[in-house]
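>>> Sequence plus the predicted model coming up.
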Amino acid sequence: MSAHPAVLMRLVASAYAAAEKAGAIVRRVLHSGELGIVEKTGANDLQTLADRLAQQSICASLSKRFPKITIIGEEELTAEEVREDLIESGQAEAVLQMGCPAEYKDLKEEELVVWVDPLDGTKEYTEGLLDNVTVLIGIAHGGKAIAGVINQPFYNYQLGSSADLGRSMWGMLGLGAFGVELQDVPGDRRIVTTTRSHSNKVVTDCVDAMEPHEVIRVGGAGNKIIQLIEGKASAYVFASPGCKKWDTCATEAILHAVGGKLTDMHGNAYCYDANVQHMNSAGVLATLRNHHYYVSRVPQSVLQALKTG
């Protein structure tokens with residue numbers, strides 16, 4: 001460990017540990033069989049006990065150690081005392097041992113904004129599509145996503161009871177990504193990953209315009225970004241305002257850390273300041289390579305349908 005790790009490195013180290021604990025909470029709730037499902041805005045926008053407990057755990061754990069950071073979580077929860085067993089006080093030693101990029105060494109707590117999606121892919125979670133589920137913690141500075149942690153609570157779940165469940169990965173601009181192996185899609189194939197449960201004509205028109213060789217429809221923004229990094233898809237195309245900043249802050253930071261790109265459908269960057277609107281109103285377009293090609297293929301009708309901002 002560095003003698004005096006920078007605030008950002010300590011925050012990422014704590015976020016990593018908090019994401020691991022949140023992943024364990026998500027597994028525990030599923031195994032209990034009592035999901036506590038409520039509809040927020042409809043059947044495709046659900047919240048479970050796991051969402052609620054995982055967010056309480058992450059937010060309370062980070063705010064206890066870093067009281068001056070701004071934390072924005074997906075779930076609107078009533079203010080209440082968080083149980084002590086939900087608090088994670090540990091930090092990932094592997095993160096603390098890394099040197100902080102020079103441009104971030106002097107950042108202060110109050111300059112950082114943390115975006116939390118405690119359970120990305122809730123609908124899939126309730127349907128047993130567990131490989132779609134992730135925990136997302138993104139860190140922004142000056143409106144830019146600079147670091148993130150993704151936990152996959154059920155990674156390896158299909159291998160049976162003998163497998164080690166779950167994995168975490170993290171990334172930072174200027175450092176790269178860790179806990180995941182970077183791979184490219186074989187050959188010149190265009191494989192587009194997109195939503196499985198939030199589609200409409202604008203979404204499908206945009207996907208078709210990319211002239212993909214294959215389309216993968218799955219849940220979870222975190223899951224789709226991992227597909228890009230691991231070479232299972234070449235573009236994540238979602239021409240809809242359904243995605244939020246807590247879906248893309250962590251994922252964008254990790255993707256950008258390995259040379260990828262995430263923008264809206266117009267090719268513009270999103271801002272992650274504390275006071276921005278939560279909705280990614282102009283959709284999401286993410287790639288590991290050849291981002292310009294995909295931006296150039298977005299139909300004018302789609303651009304007109306999606307406002308920037």
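In hand now; what should we look at?

>>> which strands and helices sit next to the longest helix along the chain?
Using DSSP state H, we find that the single longest helix of the chain is helix 7-32. Judged by 3 or more C-beta pairs under 8 Å, 6 or more residues apart in numbering; DSSP states H and E, the packing partners of helix 7-32 are helix 49-65, helix 93-96, strand 112-120, strand 134-141, strand 144-152, strand 167-172. In short, each C-beta sits where N, CA and C put it, glycine included.

>>> What's the local residue count around residue 53?
22 (other C-beta atoms under 10 Å).

>>> right, and it touches residue 86 too?
Yes: using C-beta atoms under 8 Å, residue 53 is in contact with residue 86, at 6.5 Å.

>>> what is in contact with these two at once?
By the contact definition C-beta atoms under 8 Å, 6 or more residues apart in numbering, residue 53 and residue 86 are jointly contacted by residue 25.

>>> Where do the helices of the stretch 101-250 of the chain begin and end?
122-126, 201-209, 221-229, 245-257 (DSSP state H, counting those that start in this stretch).

>>> what does the third one contact?
Counting contacts by C-beta under 8 Å, 6+ apart, the residues outside helix 221-229 that touch it are 117, 120-121, 131-136, 150, 152, 169, 177, 180, 182-183, 193-194, 216, 218, 233-236, 243, 247-248, 250-252, 254-255, 258, 260, 262, 284, 286-288.

>>> Show the buried residues in those.
Among the contacts of helix 221-229, the ones that count as buried by 16 or more other C-beta atoms under 10 Å are 117, 120-121, 131-136, 150, 152, 169, 177, 180, 193-194, 218, 233-236, 243, 247-248, 250-252, 254-255, 260, 262, 284, 286-288.

>>> which residues does residue 240 contact?
Contacts of residue 240 (C-beta under 8 Å, 6+ apart): 195, 198, 200, 202-203, 283, 306.
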